[in-house]
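In: heads up, no residue letters with this:
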């Protein structure tokens, strides 16, 4: 049985994806401007958002165990 995500979950995933894209863009821009501290901070934020998104996807995948009745 496939469950579709609740509206607030879909909005949260969209927001997380937007944060990840913004952080990666900020990383590139700041490193090109040679603002090393800000660039590294944005890169760490991007890695954090990436890990959170991966954990959410792993949490939502089925485990392969049959449902209990």
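Out: Good, I have the coordinates. Given the structure is predicted, the values throughout are model-derived calculations rather than measurements.

In: all contacts plus neighbour counts: C-alpha atoms, from now on.
Out: Noted.

In: and residue 49, what is it in contact with?
Out: Neighbour list for residue 49: 16, 19, 20 [criterion: C-alpha atoms under 8 Å, 6 or more residues apart in numbering].

In: which SSE is it in?
Out: Secondary structure assignment for residue 49, by DSSP states H and E: helix 36-60.

In: how about that helix: buried residues?
Out: 39, 40, 42, 43, 45, 46, 49, 50, 53 (16 or more other C-alpha atoms under 10 Å).

In: mind checking how far the most centrally placed residue in the chain is from residue 37?
Out: By C-alpha atoms, centre = their mean, the mean C-alpha position of the chain lies nearest to residue 53, the distance being 3.4 Å. Residue 53 is 24 Å from residue 37, where distance means C-alpha to C-alpha, to the nearest Å.

In: for residue 21, same thing?
Out: 19 Å.

In: how about residue 56?
Out: Distance, residue 56 to residue 37, using C-alpha to C-alpha: 29 Å.

In: that older thread, farthest-apart pair in the buried residues of helix 36-60, please.
Out: 39 and 53 (21.0 Å; C-alpha to C-alpha).

In: give me every residue that touches residue 46.
Out: 19, 20, 21, 23, 24.

In: and the third one, what is it in contact with?
Out: When you say that, I think you mean residue 21. residue 46.

In: now it: which helix or strand?
Out: With DSSP H and E as criterion, residue 21 is part of helix 7-32.

In: which of the residues in that helix are buried?
Out: 13, 16, 19, 20, 23, 24, 26, 27, 30, 31.

In: could you check how far residue 47 is from residue 7?
Out: 26 Å.

In: check what pLDDT residue 66 gets.
Out: On pLDDT, residue 66 comes in at 57.

In: can you list the low-confidence ranges for the protein?
Out: By pLDDT under 70, the low-scoring segments of the chain are 1-5, 61-69.

In: if we ignore the residues flanking it in sequence, what's nearest residue 27?
Out: The spatially closest residue to residue 27, leaving aside those adjacent along the chain, is residue 39, at 4.6 Å (C-alpha to C-alpha, 6 or more residues apart in numbering).

In: thinking again about what came up before, between the contacts of residue 49, which is nearest residue 60?
Out: For the contacts of residue 49, the nearest to residue 60 is residue 16 (15.5 Å; C-alpha to C-alpha).
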